[in-house]
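Novice: Sequence isn't available, so here's the structure alone:
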């Protein structure tokens, strides 16, 4: 897999050469190791280990319904009252982050109404925060620590 713009960590691999897997600590099981999953595991490890996000308040592959479609948000961080605080959308490192990716996460947020949105392909990371004054999402230049959310 490609080296990412995220801290490395001791990743737990499983499966075999034809069907590699990676351990997902949030789902508590091994999952298929795809390029997007490679990004997800590095990113959630960074959030938990480096930025202090509580694993107990995070979930991967959260199902939601947008219109008649059943979709899955890649990762969701919850408040202690279990209301969504942040939605994170991952793409493979070979996928360019475009307006279409932001449209996707905004569609998810019609249901979640999270104040923070994050998009990452493992190389580039974008974080937006809802501004009550401006009534829109504004980009912030860093991923905040959990304490500073």
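Specialist: Great, that's in hand. A quick note: this is a predicted structure, and the numbers were derived from the prediction, not measured. Numbers count the residues shown, from 1 in each chain.

Novice: quick one: which helix or strand includes the residue most central in space within the chain?
Specialist: Of all residues in the chain, the one closest to the mean position by Cα atoms, centre = their mean is residue 88, 3.0 Å from it. Here residue 88 sits within strand 84-90, counting by DSSP states H and E.

Novice: Residue 41 too?
Specialist: Per DSSP H and E: helix 35-45 holds residue 41.

Novice: Would you map the helices across this protein?
Specialist: 35-45, 99-112 (DSSP state H).

Novice: So which of the ones you listed is the most surrounded?
Specialist: helix 35-45 (a mean of 21; mean count of other Cβ atoms under 10 Å). Every C-beta, even on glycine, is put in place using the N, C-alpha and C of the backbone.

Novice: Quick one: mean pLDDT for that helix?
Specialist: The predicted model gives helix 35-45 an average pLDDT of 97.

Novice: what does it rub up against?
Specialist: Helix 35-45 has contacts (Cβ atoms under 8 Å, 6 or more residues apart in numbering) with 1-2, 4, 6-9, 11, 22, 24-26, 31, 55, 58, 60, 74-75, 88, 90-94, 120-122, 125.

Novice: hmm, 6 Å instead?
Specialist: Under the criterion Cβ atoms under 6 Å, 6 or more residues apart in numbering, residues 1, 4, 6, 9, 22, 90, 92, 120, 122 lie in contact with helix 35-45.

Novice: And stretch 103-114, by the same measure?
Specialist: 64, 66, 73, 84, 85, 86, 87, 89, 117.

Novice: What of stretch 131-138?
Specialist: So stretch 131-138 is contacted by 128, 129, 130 (Cβ under 6 Å, 6+ apart).

Novice: The helices of the chain: which one's closest to residue 140?
Specialist: helix 99-112 (14.4 Å; Cβ to Cβ).

Novice: Could you tell me how far that closest one lies from the centre of the chain?
Specialist: Relative to its parent chain, helix 99-112 has a centroid offset of 13 Å by Cα atoms, centre = their mean, to the nearest Å.
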